[in-house]
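J.: What follows is a predicted protein model with its sequence.
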Amino acid sequence: MTNALYYGDNLDVLRGHIPDQSVDLVYLDPPFNSDATYNLLFRAPAGQRSEAQIEAFADTWHWGEAAARAFDEVLHSSHTGAATMLRAMRSFLGENDMMAYLAMMAVRLIELHRVLKPTGSLYLHCDPTASHYLKILLDAVFGIEHFLNEITWKRTSAHNTARKYGKISDILLFYSKTKNYLWNNQYTDFSQKQMKRYKIDKDGRLYKCENLTADRVNSVSGKFEWRGTTPPSSRGWGYTPEQLEKWWAEGRILTRKDGSPRMDGLKVYLDDLPGQPLQSIWTDIERIGNTSKERLGYPTQKPLALLERIIKTSSNEGDVVLDPFCGCGTAVHAAQKLGRQWIGIDITHLAISLIERRLKDAFPGIAFEVHGTPKDLDGARDLARRDKYQFQWWAVSLVDAVPQGGKKKGADRGIDGIRWVRTGPHGGDVEKVLVSVKGGEHVTSAMVRDLKGTVEREGAAAGLFITLAAPTREMRREAAASGFFDTSFGRHPRLQIFTIEELLAGMRPKLPSHGSGEGFRKAARERGAAAQGDFGL
């Protein structure tokens with residue numbers, strides 16, 4: 001299934017839904033808690049972290065039953081190289097967070113190798129915290145001979161770091177499944193230093209001179225006289241007499257004073273060159289800054305240009321791109337924009353909901369499948385029964401808010417989500433709207449009064465009460481009695497009640513526009529044929 005988002009553990013989705021040799025390109029940016037913000041999708045305007053997103057990964061990379069099970073699966077798999085390497089790593093590292101991370105990654109890398117076509121490639125995005133261990137794992141799964149590059153992406157400018165060098169780069173580990181992998185050359189602009197080599201000819205064209213000879217110490221190739229010139233004994237002509245004559249007739253070869261050809265005189269015109277071939281150090285793609293038009297509000301958001309470069313290099317139009325840790329959806333966005341098919345997987349309903357909104361904003365009329373998220377009231381009830389926290393985080397996303405409460409008892413203080421709204425004409429005129437989610441079968445007016453008290457205690461502008469069960473008439477009266485809050489854009493109800501059924505039907509809160517510092521911005525609309533989801537397939 002392509003052009004699809006999957007909610008769930010990517011290991012389960014890969015095994016249950018992605019066939020062997022069905023994917024052309026894999027890009028993955030797996031979270032690892034190398035610092036407190038590495039795997040956060042969002043922040044509040046003042047920089048507060050969302051406990052919900054932290055909780056989504058809290059148990060993922062600690063050594064426990066899941067990590068031990070993943071380790072055991074690798075040991076009993078047919079990938080003996082990966083099993084040997086993982087056993088050695090455990091012997092060295094012991095049973096700690098890093099080992100848990102590597103065990104969980106190893107079993108997933110085996111599955112990603114399985115789903116890749118023989119012509120396919122994989123790019124693993126990581127930072128130096130674990131890149132060296134991940135490269136060893138990839139060597140074991142893909143084979144050392146299929147390692148292609150360690151790409152360094154300079155993602156930020158220099159900054160001060162106490163007693164060590166500043167961290168300004170990420171690593172991209174690039175592997176192919178076989179030697180017969182797809183490759184499309186990419187080019188960048190020439191540097192100022194390179195441009196200094198160019199001169200202007202009489203026709204006004206920029207050119208540089210290249211050597212017409214090549215090293216021929218151990219070869220007789222090119223050992224001939226041409227137009228009165230013979231290369232020295234250690235060298236020979238690098239081209240056939242026919243090619244040399246063609247360039248001579250075109251005026252492409254500079255001459256000495258006596259009219260004979262210069263061996264270093266091949267004129268190469270700038271406008272005939274596609275650019276500088278792309279190298280393994282990327283310094284020309286800026287990170288997404290606070291004022292970037294591309295910025296949607298995700299601290300770990302990667303630039304579209306980065307993913308577009310990868311996708312253009314290692315896939316063609318119509319090919320399938322897979323991102324098993326799709327987070328805020330940059331890879332699937334870039335794939336859609338470039339006319340590729342795509343599959344995105346994430347373990348939080350929040351991420352899937354955010355990507356849905358991003359794609360619909362950027363590509364109006366886009367058609368894609370979403371698997372694992374509730375489509376109707378029965379699906380919502382099932383999710384609430386299975387995982388109340390995922391239900392809460394999903395429900396919060398229906399009103400364009402971000403989750404706030406974690407799984408610890410009392411951590412939410414009666415707040416399941418926060419939406420930031422603009423209340424005035426100035427950048428600082430931003431206030432919060434609190435969200436309370438109830439997934440039980442019965443709700444009461446006391447719950448509405450509790451939300452009212454929380455709004456007052458927190459100094460919030462308003463509150464949204466989301467309920468799976470139908471609210472009583474008394475609850476609606478209680479909400480209406482709370483009155484309104486005034487903004488530069490009009491008056492808005494202070495407490496608003498919505499059922500999950502109403503939100504699924506498209507009903508939305510009556511609130512002013514989002515604030516400039518709130519959780520997520522609207523993605524800019526993309527233009528072109530791919531934006532309509534028409535790949536001609």
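T.: On my side now, so go ahead.

J.: quick one: average pLDDT of stretch 204-220?
T.: Computed over stretch 204-220, the mean pLDDT rounds to 88.

J.: low-scoring stretches of the protein, by residue?
T.: 1, 32-61, 289-291, 295-299, 405-412, 427-428, 513-521, 528-537 (pLDDT under 70).

J.: max-length strand in it?
T.: In the chain, ranked by residue count with DSSP state E as the criterion, the top strand is strand 116-126.

J.: wait, what's in contact with residue 103?
T.: 67, 68, 70, 71, 74, 86, 90 (CB atoms under 8 Å, 6 or more residues apart in numbering). Every residue, glycine included, has its C-beta placed from N, CA and C.

J.: Buried only: go through the residues you listed for me.
T.: Neighbour counting with 16 or more other CB atoms under 10 Å marks 67, 70, 71, 74, 86, 90 as buried within the contacts of residue 103.

J.: wouldn't the third one be in contact with residue 86 here?
T.: It stands for residue 71. Yes: taking CB atoms under 8 Å as the definition, residue 71 is a contact partner of residue 86 at 6.5 Å.

J.: which residues are common contacts for these two?
T.: 103, 106.

J.: residues contacting the residue minimising distance to the centre of the chain?
T.: Nearest residue to the geometric centre of the chain (CA atoms, centre = their mean): residue 330, 4.2 Å. Residue 330 makes contact with 301, 302, 303, 304, 306, 307, according to CB under 8 Å, 6+ apart.

J.: separation between the third one and residue 125?
T.: According to CB to CB, to the nearest Å, residue 303 and residue 125 sit 12 Å apart.

J.: In the record's domain split, what are the boundaries for the protein?
T.: 4-46+115-186+278-371, 192-272, 377-504 (automatic domain parsing).

J.: what about the last one, how long is it end to end?
T.: Right, the one you point to is domain 377-504. 8 Å (CA to CA, to the nearest Å).

J.: re earlier: with distance to residue 522 added, can I get the domains of the chain in a markdown table?
T.: Below are the domains of the chain laid out as a markdown table (distance: least, CB to CB, whole Å):
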| stretch | distance to residue 522 |
| --- | --- |
| domain 4-46+115-186+278-371 | 5 |
| domain 192-272 | 38 |
| domain 377-504 | 10 |
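
J.: out of those, which comes closest to residue 107?
T.: The minimum distance between residue 107 and the domains of the chain falls on domain 4-46+115-186+278-371, with 6.4 Å, by CB to CB.

J.: got the end-to-end distance for that closest one?
T.: Domain 4-46+115-186+278-371 has an end-to-end distance of 7 Å (criterion: CA to CA).

J.: how far is that domain from where the chain is centred?
T.: Mean-position distance between domain 4-46+115-186+278-371 and its chain equals 4 Å (CA atoms, centre = their mean, to the nearest Å).

J.: just stretch 171-190 next, same as before
T.: Centre to centre, stretch against its chain (CA atoms, centre = their mean), the figure for stretch 171-190 is 18 Å.

J.: Could you list the buried residues of it?
T.: Neighbour count says stretch 171-190 has 171, 172, 173, 174, 175, 176, 177, 181, 182, 186, 188, 190 buried, by 16+ other CB under 10 Å.

J.: Can you lay out those as JSON lines showing distance to residue 144?
T.: Below are the buried residues of stretch 171-190 laid out as JSON lines (distance: CB to CB, whole Å):
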{"residue": "171", "distance to residue 144": "17"}
{"residue": "172", "distance to residue 144": "18"}
{"residue": "173", "distance to residue 144": "13"}
{"residue": "174", "distance to residue 144": "14"}
{"residue": "175", "distance to residue 144": "10"}
{"residue": "176", "distance to residue 144": "12"}
{"residue": "177", "distance to residue 144": "14"}
{"residue": "181", "distance to residue 144": "15"}
{"residue": "182", "distance to residue 144": "21"}
{"residue": "186", "distance to residue 144": "25"}
{"residue": "188", "distance to residue 144": "29"}
{"residue": "190", "distance to residue 144": "34"}
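
J.: Tell me which of those fall in helices.
T.: Per DSSP state H, helices hold no members of the buried residues of stretch 171-190.

J.: Which one of those residues is nearest to residue 30?
T.: Minimum distance to residue 30 across those is 11.4 Å, recorded for residue 173 (CB to CB).

J.: wait, isn't the closest one in contact with residue 130?
T.: No: counting by CB under 8 Å, residue 173 stays clear of residue 130, with 10.7 Å between them.

J.: one step back: out of the buried residues of stretch 171-190, what pair is the most spread apart?
T.: Taking CB to CB, no two of the buried residues of stretch 171-190 sit farther apart than 177 and 190, at 33.4 Å.

J.: Provide a list of residues in contact with the residue lying farthest from the centre of the chain.
T.: Most distant residue from the mean C-alpha position of the chain: residue 258, 60.5 Å away (CA atoms, centre = their mean). Listed by CB under 8 Å, 6+ apart, the contact set of residue 258 reads residue 228.

J.: Check the secondary structure at it for me.
T.: Counting by DSSP: H, G, I helix; E, B strand; the rest coil, the backbone at residue 258 sits in coil.

J.: Backbone torsions only: list them for the residue nearest to the centre of the chain.
T.: Main-chain dihedrals, residue 330, degrees, to the nearest 10: phi -60, psi -40.

J.: Next, the contact list for residue 7, please.
T.: By CB under 8 Å, 6+ apart, the contact set of residue 7 is 346, 347, 348, 349, 352, 370, 371, 372, 373.

J.: So what sits opposite it in the bridge?
T.: Residue 7 forms beta bridges with residue 346, as assigned by DSSP bridges.

J.: Now do it against residue 414, distance only.
T.: 27 Å.

J.: Could you give me the buried positions within whichever helix or strand residue 106 is part of?
T.: Here residue 106, judged by DSSP states H and E, is contained in helix 97-115. By neighbour count on 16+ other CB under 10 Å, the buried set for helix 97-115 is 98-115.

J.: who does the longest strand of the chain touch, helix- and strand-wise?
T.: Here strand 116-126 touches strand 23-28, helix 131-142, strand 169-176, helix 304-314, going by 3 or more CB pairs under 8 Å, 6 or more residues apart in numbering; DSSP states H and E.

J.: at 7 Å what do you get?
T.: On a contact count with 3 or more CB pairs under 7 Å, 6 or more residues apart in numbering; DSSP states H and E, strand 116-126 meets strand 23-28, helix 131-142, strand 169-176.
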